[in-house]
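>>> coords please:
(chains A and B)
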Amino acid sequence: MKNPQKFEAKIALIEEIIKKIETGELPLEKVFSEYEKAGKLLQECESFLEQGKERMNLVIETLTAGETEF
Amino acid sequence: MNQLTDTALSVGGVTEYIKALVEGDRFLQTLWLTGEVSSTGYHTTGTFFTLCDPDCEATLRCVIWRSQRAKVVQHPQQGEQLLVLGSINLYAKRGEYQMTVWQALPGGEGLQALRLQQLKSRLEAEGLFAPERKRPLPAYPQTLAIVTSPKAAAWGDMQRTFQQRAPGLHLLFAPATVQGETAPNSIVTAIENVNRDGRAEVIILARGGGAVEDLTCFNDERVVRAIGQSNIPIVTGIGHQRDESLADLVADFAAHTPTAAAESVTPDYSLLKACHQQRRSRLTLALTQRLRWEVEHLATLNKRFKSLLATAPILNQAVAKCQIFSQKLIALDPQAVLTRGYAIVKLADGSLLRNADNLVPQQELTIQLGQGKLKVKITEILDEKSSKI
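Next up, the predicted model:
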């Protein structure tokens, strides 16, 4: 099973897992393991967005700080 | 006295002589002449007019014969300059000479205007003025070349404009004469030099407003061609009141004053600032929107994920099944059966008793109740086969 690095790929995988569990096409052991996996991916995505938000706020601050020099 | 009368010629003879002289002279027979029309008269046979010098010290009688009249470009107008082509003829009977005119063109200013018009048409036909030829000007040029007279006000005006709009601009000055005979070559040389130097991104060819005659160099074919052939785009800033000069027509852009030319090649500072701020706002907005969308999307996924536990059918099915099994097991628990009043009966050897076969009175049995264990003896065998309770 591939281990996606990119944010979008992780999101896509989460969606896929949720859909598979909802439609009931997985055997029960798979349901548990995939559920765990999805939980972990969600966590990773959340922290990535949090980091991104902080970085962006920094950039916007820098941009608007420079405005006064104009 | 006799000698004089012997050698004297006749009138006819002299006239013949003069006629031969005049009509045999190649120069007089194909003559270009320019003068002012002092009088003119239209007749059925031809147009008779008189040309004279500006100070009218000499006059020449002329005629355009009827057959030639339609082909003539410019008809004699009283007081106007005229350029004529024709031959001188002598009229013996009247003792006069007269010019037979085959072609007449407007002289003086009119001639210049005509020549200019012809040049313009010719260059236009070559496609030199075509809009497709015009190159776009670079948006933020770093190096500019100016071709103008160092003495003219134009240079000062442009320098001030540049100072205001683009202080860091690198200016190359290519001095040229912009009026008089030497102007066309001077301008051509300046343009060629700038092209050879190669550093300039745009050339401004400028001259402050002067009398129209002073601007003739900008209608010169050499200048027009030099502008057309320049590898570097050229902007003209030639101040004048009348129609555009040929240089304006061939240039990549014609501003109509030196100041306008300077403005056309430098970005407007306030406009730049506005664009920059707009760009920054767009960037910030785009960033925040995208991030917000992703956060919301992730929250939605989270919700679905959490509710999976409650809604996933397979889980529910599995749980339900386990519950049923669990209940069944509970029901099947032997201990539970016993508490309902059933008993386990065993023989002396410990084997389970299921039926009354092979039993005899006095035989010993053990009974396990829900609570308690008994040892009993059979008193009577009531029925061997019945299974009714």
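>>> got the residues of chain A near chain B?
Residues of chain A lying near chain B by Cβ under 8 Å from any Cβ of the partner chain: A:7, A:11, A:14-15, A:18, A:21-22, A:24, A:26, A:28, A:31, A:35, A:38-39, A:42, A:45-46, A:49, A:52-53, A:56, A:59-60, A:63, A:67, A:70. Placement of C-beta: from N, CA and C, glycine included.
>>> at 7 Å what do you get?
With Cβ under 7 Å from any Cβ of the partner chain as the criterion, chain A meets chain B at residues A:14-15, A:18, A:21-22, A:24, A:28, A:31, A:35, A:38, A:42, A:45-46, A:49, A:52-53, A:56, A:60, A:63, A:70.
>>> now those residues: which count as buried?
A:14-15, A:18, A:21, A:31, A:35, A:38, A:42, A:45, A:49, A:52-53 (16 or more other Cβ atoms under 10 Å in any protein chain shown).
>>> The residue of the stretch 51-200 of chain B found nearest chain A: how many residues sit nearby?
Nearest to chain A in the stretch 51-200 of chain B, going by Cβ to the nearest Cβ, is residue B:167, at a distance of 15.7 Å. Neighbour count for residue B:167, taken as other Cβ atoms under 10 Å in any protein chain shown: 8.
>>> Quick check: chain neighbours aside, which residue is closest to residue B:200?
residue B:145 (3.7 Å; Cβ to Cβ, 6 or more residues apart in numbering or on different chains).
>>> Which secondary structure state is assigned to the spatially closest residue to residue B:383 that is not a sequence neighbour?
Closest residue to residue B:383 apart from its sequence neighbours, by Cβ to Cβ, 6+ apart: residue B:356 at 7.3 Å. Secondary structure, DSSP: H, G, I helix; E, B strand; the rest coil: residue B:356 is coil.
>>> Smallest distance to chain B belongs to which residue of chain A?
residue A:24 (4.3 Å).
>>> Spit out the contact partners of the nearest residue to that residue once chain neighbours are set aside.
Sequence neighbours aside, residue B:314 is the residue nearest to residue A:24 in space, at 4.3 Å (criterion: Cβ to Cβ, 6+ apart). Contacts for residue B:314 (Cβ atoms under 7 Å, 6 or more residues apart in numbering or on different chains) come out as A:24, A:28, A:31.
>>> Which positions in chain B make contact with chain A?
B:273, B:280, B:284, B:287, B:291, B:294-295, B:298, B:301-302, B:304-305, B:308, B:311-315, B:318.
>>> So which residues of chain A form helices?
A:7-23, A:28-67 (DSSP state H).
>>> Return the member of the ones you listed having the minimum mean pLDDT.
Across the helices of chain A, helix A:28-67 has the smallest mean pLDDT, namely a mean of 83.
>>> quick one: low-confidence parts of the stretch 1-150 of chain B?
Judged by pLDDT under 70, the stretch 1-150 of chain B has its weakly predicted residues at B:1-5.
>>> still on that earlier bit, quick check, the residue nearest to residue B:200 in a strand?
Yes: assessed with three-state DSSP, residue B:145 lies in a strand.
>>> Quick check: bridge partners of it?
residue B:172, residue B:203 (DSSP bridges).
>>> That one touches residue B:196, doesn't it?
No: using Cβ atoms under 7 Å, residue B:145 is not in contact with residue B:196, being 11.2 Å away.
>>> how is chain B carved up into domains?
Following automatic domain parsing, chain B resolves into domains at B:2-106, B:139-267, B:343-389.
>>> Identify the residues contacting the residue nearest to residue B:200.
By Cβ under 7 Å, 6+ apart, the neighbours of residue B:145 are B:172, B:174, B:194, B:200, B:203.
>>> Equivalent analysis for residue B:253, please.
By Cβ under 7 Å, 6+ apart, the contact list for residue B:253 reads B:134, B:137, B:235, B:264.
>>> Now restrict those residues to buried residues only.
Buried, going by 16+ other Cβ under 10 Å: residue B:235, out of these.
>>> Farthest pair within the contacts of residue B:253?
Farthest pair in these (Cβ to Cβ) is B:134 and B:264. Separation: 12.7 Å.
>>> OK, now which residue of chain B is nearest to chain A?
Among the residues of chain B, residue B:314 lies nearest to chain A; the distance is 4.3 Å by Cβ to the nearest Cβ.
>>> so how far is the one helix or strand that residue maps to from its chain's centroid?
Residue B:314 belongs to helix B:313-332 when assigned by DSSP states H and E. Helix B:313-332 sits 76 Å away from the centroid of its parent chain (Cα atoms, centre = their mean, to the nearest Å).
>>> If we go by neighbour counts, what in it is buried?
Using 16+ other Cβ under 10 Å as the test for burial, helix B:313-332 gives B:314-315.
>>> before we move on, what about stretch B:151-166?
So for stretch B:151-166, counting by 16+ other Cβ under 10 Å, buried means B:152, B:154-155, B:157-158, B:161-162, B:165-166.
>>> Not counting that stretch itself, show me its contacts.
For stretch B:151-166, using Cβ under 7 Å, 6+ apart, the contacting residues are B:146, B:148, B:169, B:171, B:178, B:206-208, B:258-259, B:262-263, B:266, B:268-269.
>>> immediately after the helix holding residue B:314, which helix or strand?
Downstream of helix B:313-332 (by DSSP H and E), the next one is helix B:334-339.
>>> Quick check: mean pLDDT of the next helix or strand after that next one?
Note on helix B:334-339: by DSSP H and E, the next helix or strand toward the C-terminus is strand B:344-346. Here strand B:344-346 scores 92 as its mean pLDDT.
>>> re the thing from before, which of the contacts of stretch B:151-166 has the weakest pLDDT?
Note: of the contacts of stretch B:151-166, the lowest pLDDT belongs to residue B:269, at 73.
>>> For the nearest residue to that one once chain neighbours are set aside, grab phi and psi.
Excluding the flanking residues, the one nearest residue B:269 by Cβ to Cβ, 6+ apart is residue B:165, at 6.1 Å. Main-chain dihedrals, residue B:165, degrees, to the nearest 10: phi -100, psi -30.
>>> Same check on residue B:59?
Residue torsions, per degrees, to the nearest 10, at residue B:59 are phi -130, psi 160.
>>> could you list every residue that touches it?
Here residue B:59 is in contact with B:38, B:50-52 (Cβ under 7 Å, 6+ apart).
>>> Sort out which one of those residues lies nearest residue B:78 for me.
Proximity to residue B:78 was ranked across the contacts of residue B:59 by Cβ to Cβ; first place goes to residue B:38, at 7.3 Å.
>>> so that closest one sits in a helix?
No: with three-state DSSP as the criterion, residue B:38 is strand rather than part of a helix.
>>> and it, how many residues sit next to it?
Residues near residue B:38, counting by other Cβ under 10 Å: 16.
>>> Identify the residues contacting the residue nearest the centre of chain A.
Taking Cα atoms, centre = their mean as the criterion, residue A:45 is the residue nearest the geometric centre of chain A, at 2.2 Å. Going by Cβ under 7 Å, 6+ apart, residue A:45 touches A:7, A:10-11, B:298.
>>> Give me the buried subset of these.
A:10-11, B:298.
>>> out of the residues you listed, who's nearest residue B:224?
Residue B:224 has its nearest neighbour among those in residue A:11, at 64.4 Å by Cβ to Cβ.
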